[in-house]
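J.: Give me the fold of what follows.
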Amino acid sequence: MKAILLERLHADHHRYAALLCILDRQLHIAACDELPDYQLLARLCHYLTRQPEEWHHPVEDILFARLAGCHAQSAELLAVLTEEHRRITRDGMELEATFHRQAEEAPQVELDLNRLNLARAFSELYHHHLHSENHNVYPLIEHCIPASELDELSPRISLTSPAEGSPDFQRLYRQIADHHTGLRLGHGEQADFCPLCDARPAAAS
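T.: Model prediction:
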C-alpha cells in the first residue's frame, strides 16, 4: 500500500496538472489574439505558486534530503528539481502580479508577446517538473525509503494543511466550474472536457 504522504503528493500533482491545462488553454486564447481571462490567470498563478510553498515543496525537501542520503546517484537530479522549485515560485509570483495588474488596469488589451512567452515558459517548466518527479523521483522514494518510515513522517508533517479544502482553491474551482471556464479554447471553440471539474460542452451533455 502506498504511504499516505506519497498519496497526498500525487494528489497535489494531479490538481496542479489540471490547473496547468486550464492555464495553457487561456494562453492559447491569448495566442489567438483574443482576450484571456486575466483574473483567472492571476488566480491560477497564485495557487500554482503559493500552495506548493505552504506544504508540498517543504515536504519534498525533506524527502529529497532523505533520498540523497540513501541513493547518491539521484543527488544531481534532486538539486535540479530543488532549483526548479525556486524558479517556479519566482516566475509564478511575477506572472501573478502581471496578470493581476492587467486585470485591474487593462482588461481589454491583448496580452503582449513577451508576457505570453514568459507564461508559456512557466507552464512548460512546471509540466516538465511534475513529470520528472512523478516518473523519476517518486518511484525512487517508494523503492528506497520503507513505507513504514514514510508513514512515521506523517504525524510530524501535518497532512491537514489546506489543499482541495483551502478557501483559495474552492474559489478558483467555483470560478472555473460555475462558468465552464476550463472548456474555453479560443475562436469560440470548446474542449471536450474540463480537466478540473469534468464539465462537458452543452451539446455533449
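
J.: Tell me where the chain has strands.
T.: 184-186, 189-190 (DSSP state E).

J.: from those, which stretch is densest packed?
T.: Burial of the strands of the chain is given as mean neighbour count (mean count of other CB atoms under 10 Å); strand 184-186 ranks first at a mean of 18. (Each C-beta comes from the backbone N, C-alpha and C, glycine too.)

J.: Packing partners of that strand?
T.: Packing partners of strand 184-186 (3 or more CB pairs under 8 Å, 6 or more residues apart in numbering; DSSP states H and E): helix 4-31.

J.: which helices and strands sit right next to the helix it packs on?
T.: Counting by 3+ CB pairs under 8 Å, 6+ apart, helix 4-31 packs on helix 38-51, helix 57-70, helix 113-132, helix 138-144, helix 147-153, helix 167-178, strand 184-186.

J.: List the buried residues for that helix?
T.: By neighbour count with 16 or more other CB atoms under 10 Å, helix 4-31 contains the buried residues 5-6, 8-9, 12-13, 15-30.

J.: and what of stretch 177-197?
T.: Those would be 180-184, 186, 190-191, 194-197, for stretch 177-197 by 16+ other CB under 10 Å.

J.: same question, stretch 139-158
T.: In terms of neighbour count (16+ other CB under 10 Å), stretch 139-158 has its buried residues at 140-141, 145, 150, 153.

J.: residues making contact with it?
T.: Under the criterion CB atoms under 8 Å, 6 or more residues apart in numbering, residues 1-6, 55, 59, 62-63, 66-67, 70-71, 74 lie in contact with stretch 139-158.

J.: Ok, stretch 31-50 next?
T.: 16, 19-20, 22-23, 26-27, 29-30, 88-89, 92-93, 95-96, 99-100, 102-103, 107-108, 110-111, 116, 119, 122, 126, 168-169, 171-172, 175-176, 181, 184, 186-187.

J.: Appreciated, that's everything.
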